[in-house]
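J.: Please work out how this folds:
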Amino acid sequence: MIYVNSVGPVARNRLLGKACALVHPIQFDEPFGLSVIESMACGTPVIAFDRGSMPELIENGKSGFLVNNVDEAIEMVAHIKELDRAYCRGYVERYLTVERMINEYV
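T.: Numbering: from 1, shown residues only. The predicted model follows:
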């Protein structure tokens with residue numbers, strides 16, 4: 001595992017696009033989760049704690065895994081290759097585009 005601090009959009013897309021998964025162990029009820037959407041837009045599934053907006057963004061077992069603790073997150077790493085990266089990208093294209101979010105908000 002490699003920790004990478006904040007990077008620009010080009011490096012971010014390259015890193016996320018080549019990653020096996022984004023591990024998102026949030027410790028609060030995050031209201032949105034932009035990094036989760038950015039990851040799935042790159043075709044990279046997400047392993048996230050089942051808190052805040054995560055159940056609205058991640059389709060459990062399809063675009064990532066929702067877990068309750070670190071042990072469950074570790075367990076799901078072994079299953080990440082079972083997920084279809086194209087499905088992750090398609091999920092964002094279907095449900096999380098700027099246009100759709102604006103139209104649904106209005």
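J.: Burial check on residue 105, number of neighbours?
T.: Around residue 105 there are 6 other residues, counting by other Cβ atoms under 10 Å. For glycine as for every other residue, the C-beta is placed from the backbone atoms N, C-alpha and C.
J.: Apologies, that question was intended for residue 56.
T.: Other residues near residue 56 come to 12 when the count uses other Cβ under 10 Å.
J.: With residue 15 as the reference, measure out to it.
T.: Here the criterion is Cβ to Cβ, to the nearest Å. By it, residue 56 lies 25 Å from residue 15.
J.: per-residue confidence averaged over stretch 27-46?
T.: Looking at stretch 27-46 alone, the average pLDDT works out to 93.
J.: Report how far apart the opening and closing residues of it are.
T.: Its first and final residues considered, stretch 27-46 spans 16 Å by Cα to Cα, to the nearest Å.
J.: Check the offset of that stretch from the chain's centre.
T.: Shown here is stretch 27-46, whose average C-alpha point lies 4 Å from the average C-alpha point of the whole chain (Cα atoms, centre = their mean, to the nearest Å).
J.: tally of neighbours for residue 28?
T.: As a burial measure, residue 28 scores 8 neighbours (other Cβ under 10 Å).
J.: Surely it is in contact with residue 51?
T.: Yes - taking contacts as Cβ atoms under 8 Å, residue 28 lies within contact range of residue 51: 7.1 Å.
J.: Can you show me the helices along the chain?
T.: Secondary structure of the chain by DSSP state H: the helices cover 9-18, 34-41, 54-57, 70-77, 85-95, 98-105.
J.: For residue 58, see how far away residue 45 is.
T.: From residue 45 across to residue 58, the span is 8 Å (Cβ to Cβ).
J.: before we move on, the earlier item: ranking the helices of the chain by burial, who's on top?
T.: Greatest average neighbour count among these goes to helix 34-41 (a mean of 20), per mean count of other Cβ atoms under 10 Å.
J.: Summarise which helices and strands that helix is packed against.
T.: Contacts of helix 34-41 with other secondary structure elements, assessed using 3 or more Cβ pairs under 8 Å, 6 or more residues apart in numbering; DSSP states H and E, are made with helix 9-18, strand 22-24, strand 46-49, helix 54-57, helix 85-95.
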